[in-house]
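Trainee: give me a model of this one.
(one chain, ligands or ions: 1)
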Amino acid sequence: MASTSNGHGSNGTNTSRSTSPSALITGGASGMGLSVATHLVSQGWNVCIVDFNETSGQEVAERLGKQAQGQDHVQFVKVDVTDYEQQAKAFVETWARWGRLDFVFANAGFGDKQDFYAQAEERADGSPAKPNISVIDVCLLGVVYSAFLALHYFRKNDGKKGKLVSTSSLCGLYPGEGIPLYTAAKHGVVGLTRAMARKLAQSGESITVNCICPGDPMWLSGNLLLINALREGLVDTGLTPVLMAVSPPEYVTPHTTIVKAVTSFLDDDSKNGLAAECSGENVHYRVQQEFGDDKAEWIMTTSFERLWAKRKEEEEGKGK
Ligand SMILES: NC(=O)c1ccc[n+]([C@@H]2O[C@H](COP(=O)([O-])OP(=O)(O)OC[C@H]3O[C@@H](n4cnc5c(N)ncnc54)[C@H](O)[C@@H]3O)[C@@H](O)[C@H]2O)c1
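Mentor: The predicted structure is shown next:
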C-alpha cells in the first residue's frame, strides 16, 4: 500500500534500515521525475515522491505503491522545493521510513515566468517593478537545498555513500537566449554539480554528483513568445504539451533516454561531475571545458591551504 506524509515514521525516530535502496525525487509527480520513479519502483526501490502538486503526488504514490506489490515502498510528501524547511521535512520522513537514502534526484522545475527583455512599466519613481525570478528559486535554489540535504543524509548511510543527480537542461550547457533566467539557473546546476563532485572526490567521500541536460532546441529557445506560451523543453512532459505537437519527432528525447542517463549514474561509481546531455536516444557525457591556459588551471586547481601553510613555514624558518 502506498503511504503518504501522514503515514508512520514522520517523527524521524525509526532506526530500522530497509533492505531495499531508497530514493527521494523532487518533481516526482510528473514528467521525467515520474519516469525515473516508476523505473526505480519496478526495480524494487523505495521511492519518496516530493512535489507541490498534492493531487498528482498522492495519485502517483498510490499507483506506484500498488505496482510495488502492495508493499510499503512509496510515499508522497507535499513540498515546495523553494522552502528549505519543507524539503528538510521530506528528508526526515524518508529517513524515518526506510533508514537509508541512496539516491536523490533534484529534478523539480519550470520555465521563465516573465519576458526579461520586454519594456517594463515604470513605477512612480521611474524604476521598473521587481522582476519575477521564481524560475531561479525553483530550478537553482531548490536544487541547492536538495544537494545540501542529500549530502547530510548520505553521510548517515552505512558506508557514508550516496548518489545525487540534478536536472539541468541543454540551457545549462548552451545559451537559451530567449529564456535567460532559466539558462542562468540551469548553468548554476551544472556548476554546482562539477564543484561538489570535485570536492567530494578530493575528500575521498563515496558520494557522486552528476546532472542531466535534456533537450531544448535553439530554434524554439530563440522565440521567446513561443517559449512563454509553450514553456521550455523537448521531453514530452507536463511542461511541454503544445510544444510536442509542433516538434519534429526526431527531435523529441524519449523518457527512456532520461531513465538511461540517470541509471547510468546509479550503476557506475566512476561517473562523477558529469553533465549528461540527453538528445534523442543519445547520452553525451560532458566534462568541464578546457582551461584557457596554465595560469587559469593553476588558480582553479591549486590548494591555497597548502600554499598558505608552505608560506607560513617559510616565514617561520626565516624568523629562526
Ligand atoms: N521537458 C523537457 O524537455 C525539459 C528539458 C530540459 C530540462 N527540463 C527540466 O526537467 C525537470 C522536470 O520537468 P518536466 O519536464 O518533467 O516537467 P513536469 O512539469 O512534467 O514535472 C515537473 C514537476 O515539478 C513539480 N514542481 C514544479 N515546481 C515545484 C516546486 N516549487 N516544488 C515542488 N515541486 C515542483 C511540478 O509539480 C511537476 O510535478 C525540470 O527541472 C525542467 O526544467 C525539462
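Trainee: burial count for the closest residue to residue 87 other than its chain neighbours?
Mentor: In space, and not counting its chain neighbours, residue 87 is closest to residue 145: 4.9 Å by CB to CB, 6 or more residues apart in numbering. (Glycine included, C-beta is placed from N, CA and C.) When neighbours are counted by other CB atoms under 10 Å, residue 145 registers 22.
Trainee: what strand or helix carries residue 56?
Mentor: Assigned by DSSP states H and E, residue 56 belongs to helix 54-67.
Trainee: would you mind writing the CA trace of that helix as CSV?
Mentor: What follows is helix 54-67, C-alpha atoms only, in CSV (Å, rounded to 0.1, in the frame of the first residue of the first chain):
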residue,chain,number,x,y,z
GLU,A,54,-0.7,17.2,-4.0
THR,A,55,-3.3,15.7,-6.2
SER,A,56,-0.9,14.2,-8.7
GLY,A,57,1.6,13.3,-6.0
GLN,A,58,-0.9,11.3,-4.0
GLU,A,59,-2.4,9.6,-7.1
VAL,A,60,1.1,8.7,-8.3
ALA,A,61,2.2,7.3,-4.9
GLU,A,62,-1.0,5.3,-4.7
ARG,A,63,-0.4,3.8,-8.2
LEU,A,64,3.3,3.1,-7.8
GLY,A,65,2.6,1.7,-4.3
LYS,A,66,0.3,-0.9,-6.0
GLN,A,67,2.9,-1.6,-8.6
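Trainee: which neighbouring elements make contact with that helix?
Mentor: On a contact count with 3 or more CB pairs under 8 Å, 6 or more residues apart in numbering; DSSP states H and E, helix 54-67 meets strand 3-4, helix 31-42, strand 46-51, strand 74-78.
Trainee: any idea of the mean pLDDT for that helix?
Mentor: For helix 54-67, mean pLDDT is 95.
Trainee: with stretch 214-234 instead?
Mentor: Averaging pLDDT along stretch 214-234 gives 47.
Trainee: ok so, going back, a helix runs through the residue nearest to residue 87, doesn't it?
Mentor: Yes. Assessed by DSSP: H, G, I helix; E, B strand; the rest coil, residue 145 belongs to a helix.
Trainee: so who does it touch?
Mentor: Contacts for residue 145 (CB atoms under 8 Å, 6 or more residues apart in numbering) come out as 81-82, 84, 87.
Trainee: so where do the strands sit in the stretch 201-320 of the chain?
Mentor: Secondary structure of the stretch 201-320 of the chain by DSSP state E, counting those that start in this stretch: the strands cover 207-213, 275-279, 282-286.
Trainee: out of those, which is closest to the ligand?
Mentor: Nearest to the ligand, of all those, is strand 207-213, at 7.2 Å by CB to the nearest ligand atom.
Trainee: that closest one packs against which elements?
Mentor: Under the contact criterion of 3+ CB pairs under 8 Å, 6+ apart, strand 207-213 touches helix 142-154, strand 162-167, helix 180-202, helix 255-267, strand 275-279.
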